[in-house]
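J.: mind folding the following:
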Amino acid sequence: MQRRSPPTVVAICGSLRDASKTRIALREALDAASDAGAETQLIDLREYDLPVFDPDDRELGDAERLKAEIDAADAVLLGTPNYHGSFAAPMKNALDYVKRDQIAGTTVGLLEVAGGDYPKSALMHLRTVARTLNAWTLPLEVGIPAAYDTVGEDGIHDEDIESRVRELGEQLVEYAGVESYPDVADEPTVSAPAQDD
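T.: The predicted structure is shown next:
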């Protein structure tokens with residue numbers, strides 16, 4: 001995949017709730033991506049007709065629209081609430097429609113929102129799905145705990161979490177369209193041990 005200028009960052013919201021904390025957090029990440037120079041789009045699954053995935057009919061409803069938008073993205077942010085220790089069914093259903101060649105090699109970021117303690121299981125499950133689809137998943141992921149207190153209609157109230165969400169948006173732009181893992185650090189130079197004469 002060749003990186004376009006400006007890159008396109010697409011976020012998929014796995015929550016169908018009208019007052020979704022996940023959607024609010026995704027918009028914060030997209031705002032940061034926009035500030036970093038990207039064109040952005042929020043895929044709000046409430047606005048898509050996606051029947052339960054049937055492998056015998058992969059083009060139902062808005063499936064082709066969804067796949068085209070993901071295929072055109074340089075980076076994709078997957079955002080989900082934590083439901084019973086995993087990610088939400090609308091996200092799973094949407095990803096079931098996506099073919100590997102539409103997301104393989106695409107930079108993917110992960111964000112999870114939970115009402116209780118620090119979330120992590122949905123992030124792990126989403127990472128597994130993204131890797132199965134051969135996506136390039138950012139090491140940085142964001143879990144938002146205690147969302148009823150942490151996220152309000154006006155945004156994220158915790159400065160540290162807000163900073164991490166914005167950093168995730170910025171990294172999606174920085175690594176959009178990469179074809180392989182970038183070098184994070186130079187290999188350390190190892191000196192040969194001194195030899196006794």
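J.: C-alpha only now, for contacts and for neighbours.
T.: Fine.
J.: which residue packs closest to residue 122, ignoring adjacent ones?
T.: Nearest non-adjacent residue to residue 122, counting by Cα to Cα, 6 or more residues apart in numbering: residue 86, 4.1 Å away.
J.: quick check: that neighbour touching residue 121?
T.: Yes - the criterion here is Cα atoms under 8 Å, and residue 86 meets it with residue 121 at 5.8 Å.
J.: same question for stretch 14-34, mean pLDDT?
T.: Summarised as a single mean, pLDDT over stretch 14-34 is 97.
J.: for the residue nearest in space to the middle of the chain, helix, strand, or coil?
T.: In the chain, the residue lying closest to the centroid (Cα atoms, centre = their mean) is residue 77, at 2.4 Å. Assigned by DSSP: H, G, I helix; E, B strand; the rest coil, the conformation of residue 77 is strand.
J.: list the contacts of it.
T.: Each residue near residue 77 by Cα atoms under 8 Å, 6 or more residues apart in numbering is listed here: 9-12, 26, 108-111, 172.
J.: try residue 54
T.: Per Cα under 8 Å, 6+ apart, neighbours of residue 54: none.
J.: re earlier: measure the residue nearest to the centre of the chain to residue 34 for me?
T.: Distance, residue 77 to residue 34, using Cα to Cα, to the nearest Å: 13 Å.
J.: isn't residue 71 right up against residue 104?
T.: No - in terms of Cα under 8 Å, residue 71 does not count as a neighbour of residue 104; the distance is 9.3 Å.
J.: all helices for the protein, in order.
T.: Remark: helices assigned in the chain by DSSP state H are 21-35, 63-71, 89-97, 100-103, 121-132, 147-150, 159-174.
J.: so can I have a markdown table of these showing mean neighbour count and distance to residue 45?
T.: Listed next are the helices of the chain as a markdown table, based on neighbours: other Cα atoms under 10 Å; distance: least, Cα to Cα, whole Å:
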| stretch | mean neighbour count | distance to residue 45 |
| --- | --- | --- |
| helix 21-35 | 23 | 10 |
| helix 63-71 | 17 | 9 |
| helix 89-97 | 18 | 7 |
| helix 100-103 | 17 | 18 |
| helix 121-132 | 18 | 17 |
| helix 147-150 | 16 | 20 |
| helix 159-174 | 21 | 20 |
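J.: and those helices: which comes nearest residue 44?
T.: Distance to residue 44, taken as Cα to Cα, is lowest for helix 21-35 among the helices of the chain, at 8.0 Å.
J.: list the helices and strands the closest one packs on?
T.: Contact analysis of helix 21-35 by 3 or more Cα pairs under 8 Å, 6 or more residues apart in numbering; DSSP states H and E lists strand 8-13, strand 39-44, strand 75-83, strand 107-113, strand 151-152, strand 155-156, helix 159-174 as its packing neighbours.
J.: OK, contacts around residue 38?
T.: Counted by Cα under 8 Å, 6+ apart, residue 38 has contacts 6-9, 173.
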